[in-house]
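> what's the 3D shape of this:
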Amino acid sequence: MDYKKNFEKILVRYQQDNAPIFVDFRELVDSVKFTERATHSIHSYTAKLLANIPYFFLNNSYFVKPKQKVLDPFCGSGTVLLEAKLAGLNPYGSDANPTTHL
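You can find the predicted model right below:
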């Protein structure tokens, strides 16, 4: 699914209000069960990113093109890297925290 139209609706709302708006990524990307998808639940990490967020942006032609490179310089447990790979992109990441599992 391409979330470009969803983002454009959010952008219009933001421009109309000219103020921050609340976006619930769990509601916006509710068709994917991340606990049953790939390796998201393979280990715990204290600052684990909600997978719905990178999924929304990495599956959105407003932001990325097919096979584009994605860099996550603070990749932690690798949520963005995993979602980038599953979206057909080329992920690269690093993290200074020695407890990350890359």
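> next SSE downstream of the longest helix along the chain?
Across the chain, the longest stretch assigned as helix under DSSP state H is helix 4-17. Later in the chain than helix 4-17, the nearest helix or strand by DSSP states H and E is helix 25-28.
> starting at the chain centroid, how far to that next one?
12 Å (CA atoms, centre = their mean, to the nearest Å).
> contacts for it, please.
Defining contact as CB atoms under 8 Å, 6 or more residues apart in numbering, one finds that helix 25-28 is touched by 3, 6, 50, 52-53, 56. Heads up, the C-betas are built off the backbone N, CA and C, glycines and all.
> now, among the residues you listed, which is nearest to Pro66?
Tyr3 (15.0 Å; CB to CB).
> can you give me the helices in this protein?
Under DSSP H, the chain gives helices at 4-17, 25-28, 52-58, 79-86.
> so how far is Gln15 from the residue most central in space within the chain?
Computing the C-alpha centroid of the chain and ranking residues by CA atoms, centre = their mean puts Pro54 first, at 0.2 Å. Distance from Pro54 to Gln15, counting by CB to CB, to the nearest Å: 24 Å.
> distance between the ends of stretch 62-74?
Distance between the two ends of stretch 62-74: 23 Å, counting by CA to CA, to the nearest Å.
> so what touches the longest helix of the chain?
20-21, 23, 28, 56, 60-63.
> ditto for stretch 32-50
25-26, 51-52, 55, 76-77, 79-80, 82, 86, 99-101.
> top of those residues by number of neighbours, please.
The most neighbours of any of these, using other CB atoms under 10 Å, belong to Tyr55, which has 26 neighbours.
> list the contacts of that one.
29, 32, 34, 83, 87.
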